[in-house]
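> Quick check, what structure comes out for this input:
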Amino acid sequence: MIRLTVLRAFVKHVWWLDLSTRFRNYVAARVGSPNMSEPVKGSRVSNPKRKRMRLETTMRAKRKIPEDYRPSEDEPFMSERQRAYFRRKLLNWRDEILRSTKETLQHLHDDSAQHADIADRATSETERALELRARDRQRKLIAKIDAAIMRLDDGTYGYCEETGEPISLKRLDARPIATLSVEAQERHERRERVYRDE
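Take a look at the predicted model:
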């Protein structure tokens, strides 16, 4: 019963992500039309002109940077090329997660047959629970990816939330959703350990 509830919640969340993505695409497509003078109420697009400018900037940057481009310490920190690189990396990661989520849902839907043998049924239920747990972690990861994209848009991406110092490019390349520098992350983990031990 609990697994069925978790599965329903998971399906509802993926459906909501798909619906919100379609809505954002619809709004983005309508931004350029003459009868769309102000954003649709309830949408995340607060300023259609700004959204269009961001899309154009991203498209220009994607044309500028080659596929094998890697940010280096020699360039200015968070230059247009670096922002475009990290945006592309985050969007590709998000698309990959959504694609694997849809595949998982299709697999769970196709594999919903009841097994006569109790051992087969237990194995199937265990595999489902593991898949759902992994997808739930990825759902939380999508929220972090969206937050990183918003930080790219407002210019705070790549800077430590605690100290305001730039996060190293190697750390950002390894974990594009990082919000803390290595030193700040270590301090944070030490504090967590102290509170957990008490």
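
> From the contact counts, what lies against whichever strand or helix holds Thr123?
Using DSSP states H and E, Thr123 sits in helix 118-154. Counting contacts by 3 or more Cβ pairs under 8 Å, 6 or more residues apart in numbering; DSSP states H and E, helix 118-154 packs against helix 2-30, helix 80-110. Quick note: C-beta positions are derived from backbone N, CA and C, even for glycine.

> List the buried residues for it?
By neighbour count on 16 or more other Cβ atoms under 10 Å, the buried set for helix 118-154 is 128, 131-132, 135, 138-139, 142, 144-145, 148-149, 151-153.

> Dump the residues you listed into a markdown table; add distance to Pro71 and pLDDT as well.
A markdown table is the format used below for the buried residues of helix 118-154 (distance: Cβ to Cβ, whole Å; pLDDT from 0 to 100):
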| residue | distance to Pro71 | pLDDT |
| --- | --- | --- |
| Arg128 | 40 | 81 |
| Glu131 | 35 | 82 |
| Leu132 | 36 | 82 |
| Arg135 | 31 | 82 |
| Gln138 | 25 | 86 |
| Arg139 | 28 | 85 |
| Ile142 | 24 | 91 |
| Lys144 | 20 | 93 |
| Ile145 | 18 | 93 |
| Ala148 | 15 | 93 |
| Ile149 | 17 | 93 |
| Arg151 | 16 | 93 |
| Leu152 | 13 | 92 |
| Asp153 | 18 | 90 |
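
> What's the separation between the closest residue to Glu183 other than its chain neighbours and Ser181?
Closest residue in space to Glu183, ignoring its immediate chain neighbours: Thr163 at 7.8 Å, by Cβ to Cβ, 6 or more residues apart in numbering. For Thr163, the distance to Ser181 (Cβ to Cβ, to the nearest Å) stands at 6 Å.

> Looking at the two, which one has more neighbours?
Shown here are Thr163 and Ser181; by other Cβ atoms under 10 Å, Ser181 has more neighbours (20 against 13).

> I'd guessed the more buried one sits against Lys170; true?
No. In this structure Ser181 lies outside contact range of Lys170 using Cβ atoms under 8 Å: 11.4 Å.

> care to break this structure down by domain?
2-32+44-157, 160-198 (automatic domain parsing).

> ok, of the ones you listed, where does mean pLDDT dip lowest?
Here the lowest mean pLDDT among the domains of the chain goes to domain 2-32+44-157, at a mean of 76.

> So what touches stretch 190-198?
Residues outside stretch 190-198 that contact it (Cβ atoms under 8 Å, 6 or more residues apart in numbering): none.
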